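Trainee: missing the sequence, but the structure's below:
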């Protein structure tokens, strides 16, 4: 879409779009940002708006961006609340290394050779299911079952020391 057309749409519909954004976000600056994002998208994309449907498109675009922001903000707040309620360890990285070493020792004691190989591929090498399937010659479901079993066994047998 050309710059002149976007400027014309901006002059015609900015107030209504900004009003919709403010009614959803309750934040003036964030509302301005959302409206600006919609116009920036129009400048960058090949979207052509018909005069009859331009206002509807712009209002819906603002609403959708606002809802996405609210959803993202909600997820961020939820994650922050989870971290805030979790006990924050004062441990250093050395304590984490010791725990990892103990976990590896437990895995070697408790897991079968197949489970240990899948444990190593997934948790120590960081490979995804597809890579594990290719390397071990097993199906995704078999890998999933192995990993479920591994996590269950290790959770039952791996106890952290009391602080």
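Mentor: Here it is on my side, so go on. Note that the coordinates shown come from a computational prediction; the quantities given were computed from them, not determined experimentally.
Trainee: quick one: least confident helix or strand in the protein?
Mentor: Each helix and strand of the chain was given a mean pLDDT (mean pLDDT, DSSP states H and E); the minimum falls on helix 93-110 at a mean of 80.
Trainee: where in the chain is pLDDT low?
Mentor: 78, 84-94, 158-163 (pLDDT under 70).
Trainee: by contact count, what packs against the longest helix anywhere in it?
Mentor: Taking DSSP state H as the criterion, the chain has its longest helix at helix 54-85. Applying 3 or more CB pairs under 8 Å, 6 or more residues apart in numbering; DSSP states H and E, we find helix 54-85 packed against helix 3-25, helix 28-44. The C-beta positions use only the backbone N, C-alpha and C, and glycine is treated the same way.
Trainee: For it, which residues meet the burial criterion?
Mentor: In terms of neighbour count (16 or more other CB atoms under 10 Å), helix 54-85 has its buried residues at 54, 57, 58, 59, 61, 62, 63, 65, 66, 69.
Trainee: Looking at those residues, which is nearest residue 142?
Mentor: Nearest to residue 142 among the buried residues of helix 54-85, counting by CB to CB, is residue 69 at 41.5 Å.
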